[in-house]
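*Asks:* The sequence and its predicted three-dimensional model are supplied below.
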Amino acid sequence: MATELLIRLKGAPEEVLESLVEEGFFNTKSEAIRAGIIELGKEYNLIGSPTYFREKLEKKLASKKISMKEIEKALSELEG
């Protein structure tokens, strides 16, 4: 599932985004924005926390009957 947004930036946020791309930290503005969202998720313990991984696993389990082997594989994928 993808979300498409139109974002209007002015002032400092616009300048920072432009600089991140111009200086080569990111190839596109979209890439920089995605990275920023991931960092916010980490900062607020939404990504990488045990709760995050538990929710991901529960969603995967709810979608079908799953074997222990599949659970172990899913855990490995989530641990990265």
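*Replies:* On my side now, so go ahead. Numbers count the residues shown, from 1 in each chain.
*Asks:* Quick check, central residue of the protein?
*Replies:* For the chain, residue 38 is the residue whose C-alpha lies nearest the centre (CA atoms, centre = their mean; 4.4 Å).
*Asks:* Wait, it touches residue 47, no?
*Replies:* Yes - counting by CB atoms under 8 Å, residue 38 does reach residue 47; the two are 6.5 Å apart. For the C-beta atoms, the positions are set from N, CA and C on the backbone; glycine is no exception.
*Asks:* and the longest helix along the chain, average pLDDT?
*Replies:* Counting residues, the longest helix found in the chain (DSSP state H) is helix 29-43. For helix 29-43, mean pLDDT is 92.
*Asks:* who does that helix touch, helix- and strand-wise?
*Replies:* Using 3 or more CB pairs under 8 Å, 6 or more residues apart in numbering; DSSP states H and E, the elements in contact with helix 29-43 are helix 11-22.
*Asks:* what does the average pLDDT come to for stretch 60-67?
*Replies:* 74.
*Asks:* Now do it: distance from first to last residue.
*Replies:* Length of stretch 60-67, first residue to last, CA to CA, to the nearest Å: 12 Å.
*Asks:* Any buried residues in it, and which?
*Replies:* residue 60 (16 or more other CB atoms under 10 Å).
*Asks:* what residues does it touch?
*Replies:* Residues outside stretch 60-67 that contact it (CB atoms under 8 Å, 6 or more residues apart in numbering): 71, 74.
*Asks:* Find out how far it is from the centre of the chain, if you would.
*Replies:* Its chain's C-alpha centre and that of stretch 60-67 lie 22 Å apart, by CA atoms, centre = their mean, to the nearest Å.
*Asks:* do the same with stretch 29-49
*Replies:* Its chain's average C-alpha position is 6 Å from that of stretch 29-49, according to CA atoms, centre = their mean.
*Asks:* Now that stretch: buried residues?
*Replies:* Those would be 32, 33, for stretch 29-49 by 16+ other CB under 10 Å.
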